[in-house]
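Student: Pasted the sequence and its predicted model underneath.
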Amino acid sequence: MQRCSAIITEDPVHAAPTHPGPLTGLRFAVKDVMDVAGTTMGMGHPLWASTHPVADQHAACISQCLAQGAELIGKTQTDELTYSLAGNNHHYGIAPNPVVPDATPGGSSSGSASAVAQGLVDFAIGTDTGGSIRIPASYCGLYGLRPSHGAVSRDGVSSLAPQFDTVGWLTQRADILMAVGDALLPQTDTPIPSQVALLSDGVELVDSIMAHKARGAIRSLGLPVSRSISIGSLESYRRVFQVVQAYEAWQTHGAWITANTPAFGPGVAERFEAAAKITAEEAQAAQANLNGLRQRVRDLIGDDTIWCMPTVPASALPIAAPAEEVDYIRGQTLCLTAVAGVAGLPQVSLPWLRDARGPVGFSLIGPPGSDRHLLRLARNLAFASHQRNASGPVPAV
C-alpha cells in the first residue's frame, strides 16, 4: 500500500490567527471534512472536490481556534467519506504512524493523528462518529477527545451519521487538549465527578494482561473506585449503532453516490452497498433499540461517575493485516467505541497503556456535558506524572 503525507500537500492552506488568546503560539491542522475558506474539502475522495463548491468561510471550529490565537497550517488526510476506522485510503494511501511504523495511524481522522504524532502540529481537529478520534489517538499514543454529542459546533463540517457525528481533537499533551477544550466547549454547570468505575463489559473484550493494566490504571486516577459496572453485552450496542449509522450514512451520501458512482476501496465500498439496502422499517426498529440502550447507559452513569476501560482492544492495526483480521478488529473495536456513541457521552483517550507492539489508550467516559471535567482530570494527572518524572500514571510495560 502506498504511503501519503499526513498533511495534504497538493492543496495547501494557511490561516493566521485573528486575535491573540490562550492558543497563541500553537499550530493546528484540520481533517479534510471541514470548510476552509477559499478551498473545497476533499472528504478523502478525488471526486468529492470536483462536485462541490468552494467554501466562502471557515467551519465554526476553525474560526474559534483562530480567534483564540492558533495558526492553521494545513488540511489532513481522511478515510473515504470518513466511513472507515482503519486509516487506509484506497486513493491516497496510508499516513505514517511514527509510533508503530508498520501499522496504520487509525481512522478516519488518520492524517490528524499522524500530523500530531509526527510533531508537525501542536493539535489537530478531526471528527468522531464511530471512533474516528479515539482509535487514532490510541494507535498513535496521543490524547484525544470525543465530546458530548452537540457540545462542539459542526457548522461547516461534513456529516456521515448526524446522530453520532462529533468534532474532536488530538494532541501529544494533556494541557493542550484542555486549552483547545476551553476554546471550543461550552461552559456547563454539571457536577464534578466524584468516583470512577471500571466498565467490566469493556475489560472482558481485551486480553488478561491488558485487563490487569486497566485495573491498575483506574487506581491512578485519584478518585474513589466504585464497584465495576456492567451495561450488558457490548455486541448489542455495536449492532444497533452500525445499523442506524449505516442508514444515516446512506441518507447523507446516497444521492451523491448514486449520481456520481464513485469508486471506493475495500471495506468502504461494501459498507455503502449494505447501507443502501437498509429499509426505513429496519432503521426504525434499530433506532428504538438504540434509544433504550442510550437511556440505560445514562441512567447507570448518573451525573457524578466516570467509567473507565481500554479505548481499543490492542495496539495499532498492522498495515499487512489480512482483510479477515481487519474486519474482526473493526467489530471488536466498535463494541468498545459504541458505548459513548450510542449514549452521546464524552470520552477522553489517554496514552497510558501498552501491549507488545505499541500504545493502547485508556478511556475516561463521563456523563453528558462533563467534557471539561474529564479534560481537567487528564491535565492534572499529566502534570502530576511530570512532577514525578514518570512517563505516565501507568508504567509502560
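Tutor: Yes, it's here. Numbering: from 1, shown residues only.

Student: the helices in the chain, which residues?
Tutor: Counting by DSSP state H, the segments of the chain that form helices are 46-50, 60-67, 110-117, 134-139, 174-184, 200-203, 208-219, 234-260, 268-276, 280-301, 323-343, 371-387.

Student: of all those helices, which lies closest to F362?
Tutor: Between F362 and these, the shortest gap by Cβ to Cβ is with helix 208-219, which sits at 4.8 Å. (Glycine included, C-beta is placed from N, CA and C.)

Student: Show me how far the closest one is from its chain's centre.
Tutor: Chain-centre distance of helix 208-219: 22 Å, with Cα atoms, centre = their mean, to the nearest Å.

Student: re the thing from before, and I192, which of the helices of the chain is closest to it?
Tutor: Proximity to I192 (Cβ to Cβ) singles out helix 371-387 among the helices of the chain, at 5.6 Å.

Student: Would you work out how far apart the start and end of stretch 8-23 are?
Tutor: The first and last residues of stretch 8-23 sit 23 Å apart, counting by Cα to Cα, to the nearest Å.

Student: got the buried residues for it?
Tutor: Of the residues in stretch 8-23, 8, 13, 15, 17, 21, 23 count as buried by neighbour count, 16 or more other Cβ atoms under 10 Å.

Student: Can you flag which of those residues belong to strands?
Tutor: Using DSSP state E to define strands, no part of the buried residues of stretch 8-23 is located there.

Student: Determine which two of these are furthest apart.
Tutor: Greatest spatial distance in the buried residues of stretch 8-23: I8 and G21, 26.4 Å, computed using Cβ to Cβ.

Student: which one of the helices of the chain has the lowest average pLDDT?
Tutor: Comparing mean pLDDT over the helices of the chain, the weakest stretch is helix 371-387, at a mean of 89.

Student: circling back: of the buried residues of stretch 8-23, closest to E71?
Tutor: Closest approach to E71 among the buried residues of stretch 8-23 (Cβ to Cβ): P17, at 5.7 Å.

Student: What residues does that closest one make contact with?
Tutor: 23-24, 66-71 (Cβ atoms under 8 Å, 6 or more residues apart in numbering).

Student: Can you tell me the closest non-neighbouring residue to G119?
Tutor: In space, G119 comes closest to Q172 once its chain neighbours are excluded; the distance is 7.5 Å by Cβ to Cβ, 6 or more residues apart in numbering.

Student: Report pLDDT for the one you found.
Tutor: pLDDT, Q172: 98.

Student: Distance-wise, check the most centrally placed residue in the chain relative to L66.
Tutor: Centroid check for the chain by Cα atoms, centre = their mean gives I133 as the closest residue, at 1.6 Å. Summarising the geometry, the distance separating I133 from L66, computed by Cβ to Cβ, to the nearest Å, is 21 Å.

Student: Redo the buried residues of stretch 8-23 as JSON lines? Include distance to S233 and pLDDT.
Tutor: As requested, these are arranged in JSON lines below (distance: Cβ to Cβ, whole Å; pLDDT from 0 to 100):
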{"residue": "I8", "distance to S233": "40", "pLDDT": "97"}
{"residue": "V13", "distance to S233": "44", "pLDDT": "96"}
{"residue": "A15", "distance to S233": "46", "pLDDT": "98"}
{"residue": "P17", "distance to S233": "48", "pLDDT": "98"}
{"residue": "G21", "distance to S233": "46", "pLDDT": "96"}
{"residue": "L23", "distance to S233": "42", "pLDDT": "98"}
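
Student: Could you save the residues you listed as a markdown table and add columns showing distance to P96?
Tutor: Converted to a markdown table, these look like this (distance: Cβ to Cβ, whole Å):
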| residue | distance to P96 |
| --- | --- |
| I8 | 14 |
| V13 | 20 |
| A15 | 25 |
| P17 | 28 |
| G21 | 31 |
| L23 | 26 |
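
Student: Looking at those, which one is closest to Q295?
Tutor: If you rank the buried residues of stretch 8-23 by distance to Q295 using Cβ to Cβ, L23 comes first, at 37.1 Å.

Student: which phi and psi does the closest one have?
Tutor: Dihedral angles of L23 (phi, psi; degrees, to the nearest 10) stand at phi -100, psi 10.

Student: Enumerate every residue touching it.
Tutor: Under the criterion of Cβ under 8 Å, 6+ apart, the neighbours of L23 are 17, 65, 68-70, 179-180, 183.

Student: any idea how far L364 is from it?
Tutor: L23 is 23 Å from L364, by Cβ to Cβ.

Student: swap in R294?
Tutor: 19 Å.

Student: what does A16 give?
Tutor: For A16, the distance to L364 (Cβ to Cβ) stands at 34 Å.
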